[in-house]
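1. Structure, please.
(chains A and B)
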Amino acid sequence: MSQGRSGAEQRLVTPGMAIGPLSGMRVGSGAIIHNDEIIATKLGWVREFNGTISVDPINSPYLPRSGDLVIATVAEVRNNLWFMNINGSFQGLLPMSLAPWKVEFGHARQHMDIGDSALARVQEVDECHNVVLTMKGVGLRRLSQGAVVEVPVNHLDRIRGLNNSNLDRMKDVSDCRIIVGENGRVWIDGSEQGISWTREALNIAKKHGHKTDFDKIMSQHESNYVNKGDA
Amino acid sequence: MGGYGDIQLLREDGLRLDGRKLDESRPVTIQAGILPAADGSAMVTHGLNVAVAAVYGPMEAHPRKIQRQDRAVIDVRYNMAPFSTSDRIRPGFNRRSREISKVTAEALESVVLVERYPRSKIRVEIEILAAEAGTRCAGITAASVALADAGIPMRDMIVGVASGKIEDTVVLDLDKAEDNYGQADLPAGILPNTGEIAFLQMDGDLSPEEFDLAMEYNFKAAKEIHEIMVEALQSRYQGGDK
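-> Presented below is the predicted three-dimensional model:
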């Protein structure tokens, strides 16, 4: 029955597939215990780390957690709060008391209107998925320029790379400011050419970030950028 | 389903009209992730049936009166395309599609970990592009693969299978003629890993012995189709693009 576990090799499991016997292991996300066996609940790769078995899902919706840095867009404005789209199942609520400005009752729209983007942090998530956002904090602000690109949430790690290596590389080459939100949105600000190059680089990182020939593919993409710059 | 005595559905050599054995299923192919706009999708061909399923969500449940504070609701819409059969079907919901949507939703709710997403809705759209008996089973199988593709947590997948009775003989996976002129039909939604039954319907009459044999056939087919489902999901992501 241990269809999903074989030594150090990473295995792809589907929901309901037995990963292996419980035998003193802890169960992390993407798995449950059934009849002393660990069962996968998601399509993904089995990960065994520090005695915990979990499944890294291949496809996953964004589930907000307290402290997440997110790029949110205004979906609704009320007299004293904003409802923000955070690319999750539910909208986040940004009360005017947690905005970085002194907002008078009824004047919320003057600071941020529907469609505006902002860099915010998740303050609190309760058990019913109510999300409260805050914009009080260093660097949290309205994003009035640049471009926002959406990427799958489960690809964020490979976009960042080990110790942000991929991200730093993109910043160096494109000379753009890049902020990766935990909700699968990436803000890019810089020259038109830099933004365009970074968009493509994000696609490359998304598709090839985990492969051994990623460096080669990225170097090729970098040389394309230099050529365009010279032209 | 009452049986038509003068229509021959079994050949003299014991095989069925299309050459299948009694416990042989029609060929099944499954493709995962065929719709880029959906969070998860799948296409299942089961014989001449073609079912496409798309999954969206979890999202905030609207209207609010359908929200459940402790779990997600699964909103299934099963529809047959007007061109799916030889006689054109009038577009839109009808009594049959409502019934199938309801039983499919209830079957899926039994495997999806709905308590993980309170107040949410998971929308499942099943479109039958071509029909040849057994569309609800093909639809459930497609929906199950699409849910897995969307990353929705489930304790197992569901496989839609059916057996029935023709000429007083129990057979697996009825085709159109067998469904129209046979004596009984027993569609089931089976959880292949746990062996549980998520839904079961019966049209016509089966004796207890015939019922047991039909379910034995169903479980056998469920195992076979489950392997194809797993292969479809794994082949999408194995080989580089993990």
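2. tell me which parts of chain A are close to chain B?
-> A:12, A:14-18, A:30, A:32, A:34, A:39, A:41-45, A:57-61, A:89-91, A:127-129, A:154, A:207, A:210-211 (C-beta under 8 Å from any C-beta of the partner chain). All C-beta atoms are positioned from the backbone trio N, CA, C, and that covers glycine.
3. In ChimeraX, select just the buried ones from those.
-> To isolate the buried members of the residues of chain A next to chain B in ChimeraX, using 16 or more other C-beta atoms under 10 Å in any protein chain shown:
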select /A:12,14,15,16,17,18,30,34,39,41,42,43,44,45,57,58,59,60,61,89,90,91,129,154
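4. out of the residues of chain A next to chain B, which are inside helices?
-> residue A:207 (DSSP state H).
5. Tell me which of the residues of chain A next to chain B fall in strands.
-> A:12, A:18, A:32, A:34, A:39, A:44-45, A:57 (DSSP state E).
6. Of all residues in chain B, which one is closest to chain A?
-> In chain B, the residue that lies nearest chain A is residue B:156 (3.3 Å; C-beta to the nearest C-beta).
7. how far away is that residue from residue A:84?
-> 36 Å (C-beta to C-beta, to the nearest Å).
8. Contacts only, for residue B:50.
-> B:43-44, B:84, B:128-130, B:138 (C-beta atoms under 8 Å, 6 or more residues apart in numbering or on different chains).
9. So which residues on chain B come close to chain A?
-> Counting by C-beta under 8 Å from any C-beta, chain B sits next to chain A at B:39-40, B:57-60, B:69, B:111, B:113, B:117-120, B:147-157, B:191-194, B:229-230, B:233-234, B:237-238, B:240-242.
10. Tell me where chain B has helices.
-> B:95-109, B:135-149, B:176-181, B:208-237.
11. Redo those helices as JSON lines? Include mean pLDDT.
-> Putting the helices of chain B into JSON lines (pLDDT from 0 to 100) gives the following:
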{"stretch": "helix B:95-109", "mean pLDDT": "96"}
{"stretch": "helix B:135-149", "mean pLDDT": "97"}
{"stretch": "helix B:176-181", "mean pLDDT": "92"}
{"stretch": "helix B:208-237", "mean pLDDT": "95"}
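12. Out of those helices, which one sits most buried?
-> Among the helices of chain B, ranked by average contacts under mean count of other C-beta atoms under 10 Å in any protein chain shown, first place goes to helix B:135-149 (a mean of 30).
13. The closest residue to residue B:42 other than its chain neighbours: what's it in contact with?
-> Spatial nearest neighbour of residue B:42, excluding adjacent residues (C-beta to C-beta, 6 or more residues apart in numbering or on different chains): residue B:145 at 3.7 Å. For residue B:145, the contact set (C-beta under 8 Å, 6+ apart) comprises B:30, B:32, B:42, B:44, B:53, B:157, B:229, B:232-233.
14. Is residue A:142 bridged to anything, and to what?
-> residue A:118 (DSSP bridges).
15. and it, what pLDDT?
-> With respect to pLDDT, residue A:142 has a value of 94.
16. before we move on, what about residue A:117?
-> 95.
17. what residues are up against the most centrally placed residue in chain B?
-> The structure's chain B has its C-alpha centroid closest to residue B:137; by C-alpha atoms, centre = their mean the separation is 2.2 Å. By C-beta under 8 Å, 6+ apart, the contact list for residue B:137 reads B:46, B:160-162, B:187, B:189.
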